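Trainee: Everything below, folded, please.
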Amino acid sequence: MEFGIFVQGYVPASRAKADPEAEHHALLEETEYVIQADRSGFKYAWITEHHFLEEYSHLSANDVYIGYLTHATERIHLGSGIFNPLPQVNHPAKVAERVAMLDHLSGGRFEFGTGRGAGSHEILGFIPGIDDMNHTKAIWEETIAEFPKMWLQDTYEGFQGTFWSLPPRKVLPKPYGGTHPAMWYAAGSPSSYEMAARKGLGVLGFSVQKVSDMQWVLDSYKTAIREAEPVGAYVNDNVMVTSTAICAETSKKARQIAAAGGLNYLQSLLFRYHDTFPRPEVIPQWPELLPEYTEEIIDLMVAEELLICGDPDEVLTQCKRWEAAGADQLVFGMPIGIPYDDTMTTIKLIGEHVIPKIDTDPVHRTTRLRRAAGA
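Mentor: The predicted structure follows:
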């Protein structure tokens, strides 16, 4: 199992109120998290694309952000988590160009994650007037298979679809190294995992919250991937899952940090803005918030596999549960409201004490798949 982090420019109201330059500090601090993750042996960093989400995410221009990180890092793969390829948001030809450019600048370290946007506030900003958020599925389906053609055909044959069109054109630059970056899809439901597998796409499982959720993920994905008809040049057989991780020198300190980290507010914001996600009954309707977490609640969340928290030995044990469940990649969300120094400590301790005991392969999984396709 490989490891990664994701960042999103998290600026909750409490931070904005306390710091007039909170937005600036959040964006720059999160670049430091990625740089440290690179030094600490994490293999992936996923950079979100969100729009109009005042408290949840200010990271809208992730292509610019990743461009900076290609120069600031050496080994870590940098992924779009996501690029939104709906033509009303980003024209597909320009997305193809940006992917190829980042592939060159990173020396083949770019990972192409796509998705449709997770909330009506974002979607309706670009596609006003629709009353069914599933409308975007048909747009994405029409678009996704065109990217490999734009990258691999000398002159792209052109496209005339329901939602967008492009005459024959040379789409430049071409990706680095003869094939194209690994392709991923941000999926939430079992049917989405199966659909991604049939297309040969890796899954960005931002919706998987606990180890026991892995069973339906793997059943729907790993069965379908065996009969994939990939839209790209190769099958990216990969399931990435996400969790929150807090690691400190002692178990007590880790739980204190977690209890003071505003996790309840982040979780409340998640369902405020991602209103297409099924909302569990325990999550109140915004603006009502989940109660603040105590150390006892943190203990319960760890026991229920909803949080990774503790000293390095505890975190290692908790991560091994994900490995045993079959996750290909475990990614930690770093934009929670804990102090910068504590976040950096988490990254360093996991890099020193956890990753070397689980991920012993020096080569990225997607690199192996890409090399085999280009051989």
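Trainee: could you pull out the strands for this structure?
Mentor: 2-7, 44-47, 77-80, 110-114, 159-160, 165-166, 183-186, 202-205, 239-243, 245-247, 308-310, 329-333 (DSSP state E).
Trainee: closest to residue 269 out of these?
Mentor: strand 329-333 (12.3 Å; CB to CB). Heads up, the C-betas are built off the backbone N, CA and C, glycines and all.
Trainee: Residues in contact with the closest one: which ones?
Mentor: 1-6, 8, 43-44, 46, 238-245, 308, 319, 322-323, 346, 350, 365 (CB atoms under 8 Å, 6 or more residues apart in numbering).
Trainee: List only those of those residues flagged as buried.
Mentor: 1-6, 8, 43-44, 46, 238-245, 308, 319, 322, 346, 350, 365 (16 or more other CB atoms under 10 Å).
Trainee: I'd like to know which helix or strand in this structure has the lowest mean pLDDT.
Mentor: helix 214-225 (a mean of 90; mean pLDDT, DSSP states H and E).
Trainee: Low-confidence ranges, the chain, go.
Mentor: 375 (pLDDT under 70).
Trainee: in it, which residue is closest to the centre?
Mentor: residue 81 (3.9 Å; CA atoms, centre = their mean).
Trainee: what's the spacing between that residue and residue 112?
Mentor: Residue 81 is 10 Å from residue 112, where distance means CB to CB, to the nearest Å.
Trainee: now swap in residue 341 and tell me
Mentor: On the measure of CB to CB, residue 341 and residue 112 end up 33 Å apart.
Trainee: about what we covered before: can you give me the buried ones in the least confident helix or strand of the chain?
Mentor: In helix 214-225, counting by 16+ other CB under 10 Å, buried: 214, 217, 218, 220, 221, 224, 225.
Trainee: nearest spatial neighbour of the third one, skipping sequence neighbours?
Mentor: Distance criterion CB to CB, 6 or more residues apart in numbering; nearest residue to residue 218, sequence neighbours excluded, is residue 326 at 4.9 Å.
Trainee: do you know how far the one you found is from residue 355?
Mentor: Counting by CB to CB - residue 326 and residue 355 are separated by 18 Å.
Trainee: Settle it for me: which of the two has more neighbours?
Mentor: Counting neighbours by other CB atoms under 10 Å for residue 326 and for residue 355 shows that residue 355 has the greater number, 21 against 17.
Trainee: my read: that one touches residue 42, true?
Mentor: Yes - between residue 355 and residue 42 there is a contact at 6.9 Å, judged by CB atoms under 8 Å.
Trainee: any common contacting residues for these two?
Mentor: With CB under 8 Å, 6+ apart, residue 355 and residue 42 have common neighbours residue 3.
Trainee: Between the two ends of stretch 172-182, how far is it?
Mentor: With CA to CA, to the nearest Å applied, stretch 172-182 spans 18 Å between its terminal residues.
Trainee: got the contact list for it?
Mentor: 97, 99-101, 103-104, 107-108, 110-112, 147-148, 151-152, 202, 232-234, 236, 238, 366, 369-370, 373-374.
Trainee: cutoff 7 Å now
Mentor: By CB atoms under 7 Å, 6 or more residues apart in numbering, the residues outside stretch 172-182 that reach it are 97, 99-101, 103-104, 107-108, 110-112, 148, 151-152, 202, 232-233, 236, 366, 369-370, 373-374.
Trainee: Which stretch among the strands of the chain approaches residue 270 most closely?
Mentor: Comparing those by CB to CB, strand 329-333 comes nearest, at 10.1 Å.
Trainee: Can you tell me how far the residue nearest to residue 218 is from residue 214?
Mentor: 6 Å.
Trainee: Which residues are in contact with residue 250?
Mentor: Contacts of residue 250 by CB under 7 Å, 6+ apart are residue 311.
Trainee: now do residue 358
Mentor: 1, 319, 320, 323.
Trainee: Tell me the spacing between the nearest residue to the first one once chain neighbours are set aside and residue 129.
Mentor: What it means is residue 1. Across the structure, with CB to CB, 6+ apart as the measure, the residue nearest residue 1 apart from its sequence neighbours is residue 323 (4.2 Å). Distance of residue 323 to residue 129, computed by CB to CB: 46 Å.
Trainee: No further queries at this time; thank you.
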